[in-house]
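K.L.:
next comes the sequence, and after it the predicted model I'd like to discuss.
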Amino acid sequence: MAIPQALGGLHEACFGVPDLADAAEYWKAFGYTVIGRGHLGADAAEMLYGVPSALESLRLRHLDSDHGLVRLMCWEQPLGVGIGVAPLRAHGSRWVGQFVRSTLDVGNHAAAARRAGAPLTDTAASFIDLAAYNPQLYGGRKPQPFRDPLVGLREYTLIQPLWRQAFLERFHYEPKLLGRIDEQSLLRSSQVVNASMIVASDDLNVYAFYERVLGLKATSVQEIPYEQAMASRAVFDLREGETHWCYVFEDPRSGASADSRRAGRLYLFRFPTSSALTDRLAVSQPGHLGCTLFSWRVRELKTFRNDCIDGGCTQVGELVADEFGTPSLSCIAPDGMTWVFQQAGPDEVLSLTS
């Protein structure tokens, strides 16, 4: 693909919610503020999202970020309660990732919420040794505990009825373009820096759409057997002897060095069908509550629609205005996940290609 259709990083993570004001207050703790409100009638919502219900949405932005926005979607007649607090390990599961100054701080709030009776599940923060993936950081040798500074992450996963979030705390590195933390926010958090999904499939190319059609930069595919798994061993409740794969796709502008890699990435996980994942695909789609949709901006939406059809997408909709007045279309990608794509404006095309 000479000129990628995709512009910038992940545009939005979209959540179905029963109360817009309460949901916006939750995201305020992570540094998000409301920048727009929109409406769709039932007929228009069915055309775009396949959901025959009137819709009111809020768009939230973190600081001045041009990606990693949050859209809160309040359906007049939601299809259901969604995936709820079910584990991440499921076919069709979606969640988002953010950097924070302290995973323990977020965990403290989760503990207090649990004591107050809130339904939630979480996993203890796991250490991700970045030297294992980047041996050049130590000249090809292994770092020595209590001798070398350890470059790594702590990953803490929190699942609530509406929110499915992985929080990452960095140690000894601070990439320039990989998430900006709002130090004044309650939980000292970045914007959404990655979106994740899981499918059960034996097709090695199940995620090819994101590179070949959308035009994202494919940066890695990792086979991760049980013995080598770090955070994913607990987060995905891996069984001994089990293997899964992680596919990473990035903003077309993203570079190879730590300081030129950009936020707004996709971390997509594939399990073999022999893992017999619980199928939760139907309840992680638009119209339900919780994390049900991701969006991306594209260069030329009409051409992209034809590309989607040729690329194996199904239920490819017509071009219609979304609740904020932006020309959009929805479709189901070949991996089975529903997406919405938006026409970028002229100013966005310029800013997201520089």
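P.N.:
In hand now; what should we look at?

K.L.:
confirm that S232 sits in a helix.
P.N.:
Yes: assessed by DSSP: H, G, I helix; E, B strand; the rest coil, S232 belongs to a helix.

K.L.:
that one and W245 touch, don't they?
P.N.:
No: with contact defined as CB atoms under 8 Å, S232 does not count as touching W245 (10.7 Å). In short, each C-beta sits where N, CA and C put it, glycine included.

K.L.:
just the CA atoms of the least confident helix or strand in the chain by mean pLDDT, as CSV, please.
P.N.:
Here the helix or strand of the chain ranked lowest by mean pLDDT, DSSP states H and E is helix 130-133, holding a mean of 79. Only the C-alpha atoms of helix 130-133 are listed here, as CSV (Å, rounded to 0.1, in the frame of the first residue of the first chain):
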residue,chain,number,x,y,z
LEU,A,130,11.8,-5.2,28.7
ALA,A,131,15.5,-6.4,28.5
ALA,A,132,14.1,-9.8,27.5
TYR,A,133,12.6,-8.1,24.4
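
K.L.:
against which helices or strands is it packed?
P.N.:
strand 152-159 (3 or more CB pairs under 8 Å, 6 or more residues apart in numbering; DSSP states H and E).

K.L.:
quick check: mean pLDDT across the strand it packs on?
P.N.:
Taken as a whole, strand 152-159 has an average pLDDT of 96.

K.L.:
buried ones in that strand?
P.N.:
G152, L153, R154, E155, Y156, T157, L158, I159 (16 or more other CB atoms under 10 Å).

K.L.:
let's have the residues you listed in a markdown table, adding distance to H91.
P.N.:
Below are the buried residues of strand 152-159 laid out as a markdown table (distance: CB to CB, whole Å):
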| residue | distance to H91 |
| --- | --- |
| G152 | 30 |
| L153 | 26 |
| R154 | 28 |
| E155 | 22 |
| Y156 | 24 |
| T157 | 18 |
| L158 | 21 |
| I159 | 16 |
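
K.L.:
picking that back up, the more surrounded of S232 and W245?
P.N.:
Comparing S232 with W245 by other CB atoms under 10 Å, the one with more neighbours is S232, at 20 against 17.

K.L.:
give the contact list for the more buried one.
P.N.:
I224, L238, H244, C246, F269 (CB atoms under 8 Å, 6 or more residues apart in numbering).

K.L.:
ok, 7 Å please
P.N.:
Counting by CB atoms under 7 Å, 6 or more residues apart in numbering, S232 touches I224, L238.

K.L.:
circling back: got a list of contacts for the least confident helix or strand of the chain?
P.N.:
L137, Y138, K142, P143, V151, G152, L153.

K.L.:
phi first, then psi, for the first one.
P.N.:
Backbone dihedrals for L137, given as degrees, to the nearest 10, come out at phi -60, psi -30.

K.L.:
S220 versus that one, what's the distance?
P.N.:
Using CB to CB, to the nearest Å, we find L137 at a distance of 16 Å from S220.

K.L.:
from the chain's centroid, how far away is stretch 136-151?
P.N.:
Distance of stretch 136-151 from the chain centroid (CA atoms, centre = their mean, to the nearest Å) equals 30 Å.

K.L.:
give me the residues contacting it.
P.N.:
With CB under 7 Å, 6+ apart as the criterion, stretch 136-151 contacts L130, A131, F171, H172, Y173.
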